[in-house]
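*Asks:* Below is the sequence, then the predicted model.
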Amino acid sequence: MEADHVHNHSEPWNKGRPVGQKAPLKQKDIWAIRVHLQLSKRIRDLALFNLAIDSKLRGCDLVRLTVKDVTHGANVAARAIVVQQKTHRPVQFEINTQTRESLEKWIQAEKMKMDDYLFPSRIHRSDHISTRQYARIVHRWFSEIGLDTTNYGTHTMRRTKVTIIYRHTKNLRAVQLLLGHTKLESTVRYLGIEVDDALEIAEQIEI
C-alpha cells in the first residue's frame, strides 16, 4: 500500500495531456467566434474577445484593465498603454474600430465609471474576473465553434495577432515590442518560428 501511494504521487501532473505552446487562432476561427458571440448577443464576451486579440496581453493583465485604461475622454481610445505585472514594464497596444465599438457598447450597457474594471466578476468576493474564470470563458468560446480545446488556451489569445503580423511582415522587432518582451530571443521562442522559417528558406533553394 505504501509503495502504491508513493507511485501515485510521483506521476507528472500533466500525464496524458498535450504539452507545449497553445496554438494561435486562424483568421477563420476569429471570425467564427465573433459571429457566434454577436448572434448570441453576448456583449461582454464579444468585448473581451476583441480586446484580448488586439491587446495581446497576458490573462493576468487583461482581467485587471479598467475603463480609464482604454478610454480617452468619453470614447474608447485607438491606443492604450499598461504596465505588465510580470515584467513591470509598460506595453502599448492598438484598439481597432470593431474592438472600440464592442467595448463602448459593453461600457454603456453596464453604465461603467472610469475606475470600474472592464470585466467585473459576478462573484462578490472578487472585483474583476479571475484568470481562472477567463480561462473557462475562453475554453467555452473554442468549444462552441468546434475547436479541440486541448490545443488552445488563454495564451492562444495573446499569440494570435502577433503570429498573423509576423507571417505578413516577418518583422520580429515589431512583434517583440507588441508583446513587451525584453529580449528578441524570447520572441523567437514564443512564436516558435525558427524551424518553420528555416524550412521555408530551404524549400526555395533548388540544388
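*Replies:* Yep, it's here.
*Asks:* So which residues of the chain form strands?
*Replies:* In the chain, the strands defined using DSSP state E lie at 71-72, 75-76, 79-83, 90-94.
*Asks:* hey, which of these is tucked in deepest?
*Replies:* Of all the strands of the chain, strand 75-76 has the most neighbours on average by mean count of other CB atoms under 10 Å, namely a mean of 18. C-beta coordinates here come from the backbone N, C-alpha and C atoms, glycine included.
*Asks:* That one packs against which elements?
*Replies:* On a contact count with 3 or more CB pairs under 8 Å, 6 or more residues apart in numbering; DSSP states H and E, strand 75-76 meets helix 97-110.
*Asks:* quick one: contacts of the helix it packs on?
*Replies:* Contact partners of helix 97-110, identified using CB atoms under 8 Å, 6 or more residues apart in numbering, comprise 43-44, 46-47, 50-51, 53-54, 67, 70-71, 75-78, 95, 116, 118, 120.
*Asks:* Quick one: buried ones out of these?
*Replies:* 43-44, 46-47, 50-51, 53-54, 67, 70-71, 76, 95, 116, 118 (16 or more other CB atoms under 10 Å).
*Asks:* Out of these, give me the two with the largest separation.
*Replies:* Ile53 and Asp116 (22.1 Å; CB to CB).
*Asks:* For Asn75, which non-adjacent residue is spatially closest?
*Replies:* Using CB to CB, 6 or more residues apart in numbering and skipping residues adjacent in sequence, the residue nearest Asn75 is Glu104, 7.1 Å away.
*Asks:* starting at the chain centroid, how far to the longest helix belonging to the chain?
*Replies:* Ranked by residue count under DSSP state H, the longest helix found in the chain is helix 154-169. Counting by CA atoms, centre = their mean, to the nearest Å, helix 154-169 is centred 9 Å from the centre of its parent chain.
*Asks:* now swap in stretch 115-122 and tell me
*Replies:* From the chain centre to the centre of stretch 115-122 is a distance of 18 Å (CA atoms, centre = their mean).
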